[in-house]
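Asker: Structure here, sequence nowhere to be found:
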Ligand code: UD1
Ligand code: MG
């Protein structure tokens, strides 16, 4: 004999959600880090139910696949035809014949429901020894919802769907939230007696209450402290409204723990993200997935972080990051793109129009401008000049580049992987490096410069350039630097690029 289950959770998620007008089943729509179904399962989790059954129907395969990811212990049960909420619970209980004790039923589309509220409902129900207890709420607009009908003494008489209600019942603003606790035995019994004698010709779970009352069984109403928690989701306008409400709840909670949120209306933090004390979140910022923002970090404005960890006191400005790590005190942006496995060590810098993927940027290393860093390891304190490209892809395979500690890469360099630049080495600006540069060496691949005097006058006569050149030459101006002629010493050239002023173009620092 299997042990009897003392608590069973049943989530109703077979409906289509027609008004969502979506290929995605309604319960799979996302809302700040979880699907609607994910939120409901999270609210039910602390009940520590012996068994969680999810009734699936529309989009059953998609819902099942999602459950495998987020709640592998839950049991999906197929309701092939949606014959009503009562029918759905009946089918669910057939799958758990050993269920006894309390059965908690939750509509799959009430994502703002809090775990504390479900727990309070169950505690009230179990404490009273009730046959059934419904979560109710007083709402400003009860349109479309089932009404709680009480007798003169204030005891629950029945729950009436709006379409079956009398005008007097319709005027009631106390509604059924679609969240219930039942005694398993009495629920099973009542479910067997449901009729389909209603406007929709469906088996209504709500009719269980009227049946129990008629049989003289004790039923209860637990009124939610905050009706917002009971809001359902039927279309995308409601979904957007729920998203704003949840955003405000999340932001308020973080602010109360010591996080500064400068513009709560434009700050969207997933329920799964974490922000530490004294972090500052500036406007237009989204913290999604498993993102963690460390203490005293400054994130935003205009930042999206997905599954990204930002260390203490780091700054991220107008940037997008996915699956990245930003070390303590590091600086990112404006306009950086950090892709999966971009790991920025302590006090490193990834600046403007820089993309980093699957690479380590060492402690204190800098990639300040206009660069692509892919499949690279950059040593501590290395300096990567503007417009450096880590050429990682040969069209078939990806290769790694290693830049040693305190190496200095001149601007507009291609580092053609696999290649290694040793510690303390320099690379001259404009080089295409495909062979290793030993530690302390200068790598340079530049062709010597030629300046062909008088070329503009001959080839571009009549242009503004030609006119400007003519004036300058008439004034006796020099050409603005050494004019190399063909055949002149190349080594001088290399010496020149070896100087930091031109090599790294620290001009870009
Ligand atoms: C239901 C309640 C109503 C309550 C409202 C709260 C009934 C008869 N009415 O109405 O009193 O105020 O919720 O939101 O229960 N579902 C199935 N299988 C079915 C039918 C529905 O799994 O055959 C699921 C839906 O996917 C949904 C939930 O049950 O998650 C509720 O169904 P829905 O059709 O939205 O019921 P409402 O008309 O909103
Ligand atoms: Mg509904």
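Answerer: Yep, that arrived. Nothing here was measured: the structure is a model prediction, and the numbers come from that model. Ligands and ions are numbered 1, 2, ... in the order given.
Asker: Run a quick neighbour tally on residue 32.
Answerer: 21 (other C-beta atoms under 10 Å). Using the backbone N, CA and C atoms, a C-beta is placed for each residue, glycine as well.
Asker: just residue 222 next, same as before
Answerer: Counted with other C-beta under 10 Å, residue 222 comes out at 23.
Asker: isn't it right up against residue 132?
Answerer: No - counting by C-beta atoms under 8 Å, residue 222 does not reach residue 132; the two are 10.9 Å apart.
Asker: ok, then the element right after the helix or strand residue 40 falls within?
Answerer: According to DSSP states H and E, residue 40 maps onto helix 36-44. Moving toward the C-terminus from helix 36-44, the next helix or strand (DSSP H and E) is strand 51-56.
Asker: Show me what that next one pairs with in its sheet, parallel or antiparallel.
Answerer: Paired neighbours of strand 51-56 in the sheet (DSSP bridges): strand 5-13 (parallel), strand 75-78 (parallel).
Asker: The shortest one and ligand 1 in contact?
Answerer: So the one you mean is strand 75-78. No - judged by C-beta under 6 Å from any ligand atom, strand 75-78 makes no contact with ligand 1; its nearest approach is 9.8 Å.
Asker: Okay, buried residues for that strand please.
Answerer: 75-77 (16 or more other C-beta atoms under 10 Å).
Asker: could you dump the residues you listed to TSV with pLDDT?
Answerer: Shown next, in TSV, are the buried residues of strand 75-78 (pLDDT from 0 to 100):
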residue	pLDDT
75	97
76	98
77	98
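Asker: Show me how far stretch 453-471 is from its chain's centre.
Answerer: 57 Å (C-alpha atoms, centre = their mean, to the nearest Å).
Asker: Identify the residues contacting the residue of the stretch 51-200 of the chain found nearest ligand 1.
Answerer: Per C-beta to the nearest ligand atom, residue 146 is where the stretch 51-200 of the chain lies closest to ligand 1, at 2.1 Å. Listed by C-beta atoms under 8 Å, 6 or more residues apart in numbering, the contact set of residue 146 reads 159-162, 175-176, 178, 206.
Asker: now with 7 Å?
Answerer: 159-162, 175-176, 206 (C-beta atoms under 7 Å, 6 or more residues apart in numbering).
Asker: Please apply the same query to residue 86.
Answerer: For residue 86, the contact set (C-beta under 7 Å, 6+ apart) comprises 191, 194, 203-205, 207-208.
Asker: ok, now residue 434?
Answerer: Listed by C-beta under 7 Å, 6+ apart, the contact set of residue 434 reads 416, 419.
Asker: how many neighbours does the spatially closest residue to residue 317 that is not a sequence neighbour have?
Answerer: Closest residue in space to residue 317, ignoring its immediate chain neighbours: residue 333 at 3.9 Å, by C-beta to C-beta, 6 or more residues apart in numbering. For residue 333, the count of nearby residues is 24 (other C-beta under 10 Å).
Asker: isn't residue 333 right up against residue 314?
Answerer: No - using C-beta atoms under 7 Å, residue 333 is not in contact with residue 314, being 10.8 Å away.
Asker: just the residues of the chain that are near ligand 1, which are they?
Answerer: Residues of the chain lying near ligand 1 (C-beta under 6 Å from any ligand atom): 12-15, 55, 57, 79, 82-85, 87-88, 107-109, 145-146, 159, 161, 175-178, 204-206, 232.
Asker: check contacts around residue 233.
Answerer: So residue 233 contacts 26, 36, 109, 111, 239, 242 (C-beta under 7 Å, 6+ apart).
Asker: hmm, try it at 6 Å
Answerer: 109, 239, 242 (C-beta atoms under 6 Å, 6 or more residues apart in numbering).
Asker: now swap in residue 183 and tell me
Answerer: Residue 183 neighbours (C-beta under 6 Å, 6+ apart): residue 131.
Asker: so how far is residue 212 from it?
Answerer: Going from residue 183 to residue 212 by C-beta to C-beta, to the nearest Å gives 9 Å.
Asker: shared neighbours of those two, which are they?
Answerer: What both residue 183 and residue 212 touch, as defined by C-beta under 6 Å, 6+ apart, is the set residue 131.
Asker: quick one: which helix or strand includes residue 122?
Answerer: Here residue 122 is assigned to helix 115-128, by DSSP H and E.
Asker: which helices and strands sit right next to that helix?
Answerer: helix 36-44, strand 174-183, strand 219-223 (3 or more C-beta pairs under 6 Å, 6 or more residues apart in numbering; DSSP states H and E).
Asker: so which of these gets nearest residue 348?
Answerer: helix 36-44 (35.2 Å; C-beta to C-beta).
Asker: got a list of contacts for that closest one?
Answerer: Helix 36-44 has contacts (C-beta under 6 Å, 6+ apart) with 9, 11, 13, 27, 29, 70-71, 106, 108-109, 111, 113, 115, 118.
Asker: Tabulate the residues you listed (CSV), appending pLDDT.
Answerer: As requested, the contacts of helix 36-44 are exported to CSV (pLDDT from 0 to 100):
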residue, pLDDT
9, 98
11, 98
13, 97
27, 96
29, 97
70, 97
71, 97
106, 98
108, 96
109, 94
111, 97
113, 98
115, 97
118, 98
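Asker: ok, and the most crowded of those residues?
Answerer: Neighbour tally across the contacts of helix 36-44 (other C-beta under 10 Å): the maximum, 32 neighbours, falls on residue 13.
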